[in-house]
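Undergrad: Here you go, sequence then predicted model.
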Amino acid sequence: MQKTKHYTIDLTTIEGKGEFKCPKCGALISPDDTTEENYTIIEPIVKDKNLEKIIIQCNKCKSQIHLTGFQTLKEK
């Protein structure tokens, strides 16, 4: 049985409109994709009524990706 890989991506460090490639397999993950064809939202993490991170899973390679940087984006 293969162990799930975990990666962290800070959204404040990526360019564009929020799209990025899966760190393991290179599948394009975009916030504009509402079909869940490329990724699935596993769990949003909220702390003190603020979104701290979102855990998603790449549907191609099954890696879990922890998206951070939401607090900084809110302040901009």
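TA: Thanks, I have the structure now. Numbers count the residues shown, from 1 in each chain.

Undergrad: going forward, measure contacts between C-alpha atoms and count neighbours the same way
TA: Fine.

Undergrad: Give me the residues contacting the helix or strand where Thr8 lies.
TA: Assigned by DSSP states H and E, Thr8 belongs to strand 6-10. With contact meaning Cα atoms under 8 Å, 6 or more residues apart in numbering, strand 6-10 is reached by 23, 63-69.

Undergrad: With neighbour count, pLDDT and secondary structure added, can I get the residues you listed in CSV?
TA: CSV is the format used below for those (neighbours: other Cα atoms under 10 Å; pLDDT from 0 to 100; DSSP: H, G, I helix; E, B strand; the rest coil):
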residue, neighbour count, pLDDT, secondary structure
Pro23, 17, 97, coil
Ser63, 20, 97, coil
Gln64, 23, 98, strand
Ile65, 23, 98, strand
His66, 19, 98, strand
Leu67, 19, 96, strand
Thr68, 20, 95, strand
Gly69, 16, 92, coil
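
Undergrad: one step back: report the buried residues of the strand holding Thr8.
TA: For strand 6-10, the neighbour count (16 or more other Cα atoms under 10 Å) marks Ile9 as buried.

Undergrad: for the residue nearest the centre of the chain, what are its contacts?
TA: The centroid of the chain falls nearest to Leu67 when counting by Cα atoms, centre = their mean (4.1 Å). If a contact means Cα under 8 Å, 6+ apart, then Leu67 has 8-11, 53-56 as its contacts.

Undergrad: partners of it in the sheet?
TA: For Leu67, the beta-bridge partners are Ile9, Ile54 (DSSP bridges).

Undergrad: before we move on, back to that, work out the gap between the strand holding Thr8 and the centre of the chain.
TA: The chain centre lies 7 Å from the centre of strand 6-10; the measure is Cα atoms, centre = their mean, to the nearest Å.

Undergrad: pLDDT on it, on average?
TA: Strand 6-10 shows an average pLDDT of 96 in the prediction.

Undergrad: relative to strand 64-68, how tilted is it?
TA: Put simply, strand 6-10 runs at 20 degrees to strand 64-68, going by axes from the mean of the first three to the mean of the last three Cα atoms, to 10 degrees.
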